[in-house]
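Trainee: Pasting the sequence and the predicted model now:
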Amino acid sequence: MRPTGSVQFDNSGRVVLVTGGAGGIGLAICQAFAASGATVYAVDVAEPEGELPAKLISGDVSKREECRRVIAQVVEEAGAIDVLVNNAAIQPPASYKAIDELSTETWDKMVAINLSGYAYMAMETAAVMRKQQSGVIVNMASAQAHRTAREVPAYGPIKAANVMQAKQWGVELAREGVRVVSVSPGAVGTPLLRASLAQQGGEESLANRHPLGRIGEPPEIAAAVLWLASEGASFITATDIEVDGGLGAFAAFADPFSVATLPGKNDC
Ligand SMILES: NC(=O)C1=CN([C@@H]2O[C@H](COP(=O)(O)OP(=O)(O)OC[C@H]3O[C@@H](n4cnc5c(N)ncnc54)[C@H](O)[C@@H]3O)[C@@H](O)[C@H]2O)C=CC1
Ligand SMILES: O=C(O)c1cccc(O)c1O
């Protein structure tokens with residue numbers, strides 16, 4: 001059976017907005033919130049990859065005016081925004097380069113979507129949440145925010161900035177009833193990951209680098225987001241939660257280019 005990270009939450013009456021909600025981890029987050037009773041909106045540049053139990057608003061988070069339009073539409077229709085999940089990000093094959101080979105275009109595009117996109121959505125949403133005196137913002141970061149990987153000169157540093165955004169905004173909004181956290185997944189089976197499997201040494205090698213011996217499933221990341229957005233996490237703000245199958249605890253001592261150093265896999 002595929003792991004689901006399944007837990008019961010009650011999100012009835014809550015309004016949730018997920019960027020990049022049409023596919024991958026974002027789609028799983030939409031599905032989990034909807035299954036627990038929330039009214040869910042997804043913002044995406046693409047059409048849904050699977051059944052989307054959310055209202056899709058077409059929009060590009062790298063454009064401030066589009067973020068403003070999206071937030072205005074959700075508030076107009078649903079009357080509130082209880083949870084924002086900043087999740088839309090790209091990791092194009094052209095970003096797997098040595099730092100001196102990375103193009104200006106790739107760098108600028110990743111900053112625009114992966115960094116400015118999170119900021120614009122938070123800028124627009126924080127105003128709504130401040131008025132409500134309640135809300136939760138979750139930034140989808142990455143295990144690569146915390147430690148290096150091979151040839152990710154833009155993705156990793158920008159992911160680290162997503163973690164710091166959550167810390168900074170979480171402290172600033174703490175007395176406004178608004179919590180802000182980041183989540184740092186290990187490798188998760190999504191279109192984004194599949195597009196970079198060749199650059200990452202293939203799925204088996206990637207799975208073996210996680211102490212649990214496999215990559216994660218999108219619902220397992222969604223489960224962490226639902227918990228962080230719940231009252232069960234009411235004392236958690238301005239921090240990061242790693243949901244990574246043990247990758248972060250293990251990688252520092254491993255040879256990142258070999259599976260031979262894994263526990264139980266070493267002949268010595
Ligand atoms: N898949 C993985 O192994 C990991 C993913 N993450 C992070 O999780 C998040 C989701 O990643 P995946 O689901 O794997 O990616 P994905 O590529 O499967 O899905 C991303 C979604 O964002 C949308 N999107 C892209 N640019 C957009 C824009 N400008 N405006 C609005 N929507 C846009 C895409 O159309 C797509 O539906 C990202 O922040 C990624 O960095 C973090 C750690 C591991
Ligand atoms: O894409 C990622 O963020 C990622 C995170 C941890 C491990 C990986 O292999 C990844 O591709």
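Mentor: Noted; the coordinates are in hand. Ligands and ions are numbered 1, 2, ... in the order given.
Trainee: same for the host helix or strand of L84, what does it pack against?
Mentor: Taking DSSP states H and E as the criterion, L84 maps to strand 83-86. Packing partners of strand 83-86 (3 or more Cβ pairs under 8 Å, 6 or more residues apart in numbering; DSSP states H and E): strand 15-19, helix 24-35, helix 117-132, strand 135-140. The way it works is simple: take the backbone N, C-alpha and C, and place the C-beta from them, glycine included.
Trainee: can you tell me which of those comes nearest to A46?
Mentor: Taking Cβ to Cβ, helix 24-35 is the member of these nearest to A46, at 10.3 Å.
Trainee: Okay, buried residues for that closest one please.
Mentor: G24, I25, G26, L27, A28, I29, C30, Q31, A32, F33, A34, A35 (16 or more other Cβ atoms under 10 Å).
Trainee: now those residues in TSV, with distance to ligand 2 and pLDDT?
Mentor: Shown next, in TSV, are the buried residues of helix 24-35 (distance: Cβ to the nearest ligand atom, whole Å; pLDDT from 0 to 100):
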residue	distance to ligand 2	pLDDT
G24	10	97
I25	10	98
G26	14	98
L27	16	98
A28	15	98
I29	16	98
C30	20	98
Q31	21	98
A32	20	98
F33	22	98
A34	25	98
A35	25	98
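Trainee: which pair in those spans the largest distance?
Mentor: G24 and A35 (17.3 Å).
Trainee: Do a quick rundown of the helices in this protein.
Mentor: 24-35, 64-78, 104-110, 117-132, 155-172, 191-196, 203-209, 218-228, 247-251 (DSSP state H).
Trainee: Now the strand holding L84: average pLDDT?
Mentor: Across strand 83-86, the average pLDDT comes to 99.
Trainee: hang on, the earlier thing: report the entries of the buried residues of helix 24-35 that also contact ligand 1.
Mentor: G24, I25, G26 (Cβ under 6 Å from any ligand atom).
Trainee: In contact with the second one, which residues?
Mentor: I25 makes contact with N87, M140, P185, V188, T190, P218, I221, A222 under the criterion Cβ atoms under 8 Å, 6 or more residues apart in numbering.
Trainee: What separation is there between the residue of the stretch 151-268 of the chain found nearest ligand 2 and ligand 1?
Mentor: Nearest residue of the stretch 151-268 of the chain to ligand 2: A187, at 3.6 Å (Cβ to the nearest ligand atom). Taking Cβ to the nearest ligand atom, to the nearest Å as the measure, A187 and ligand 1 are separated by 4 Å.
Trainee: same deal with S205?
Mentor: 14 Å.
Trainee: Could you do V74 as well?
Mentor: In terms of Cβ to the nearest ligand atom, V74 sits 14 Å off from ligand 1.
Trainee: same deal with V152?
Mentor: From V152 to ligand 1 the distance is 11 Å (Cβ to the nearest ligand atom).
Trainee: my guess is that residue contacts Q144, does it?
Mentor: Yes. Using Cβ atoms under 8 Å, V152 is in contact with Q144, at 5.9 Å.
Trainee: and the closest residue to V171 other than its chain neighbours, backbone torsions?
Mentor: Using Cβ to Cβ, 6 or more residues apart in numbering and skipping the chain neighbours, the partner closest in space to V171 is A238 (5.0 Å). Main-chain dihedrals, A238, degrees, to the nearest 10: phi 60, psi 40.
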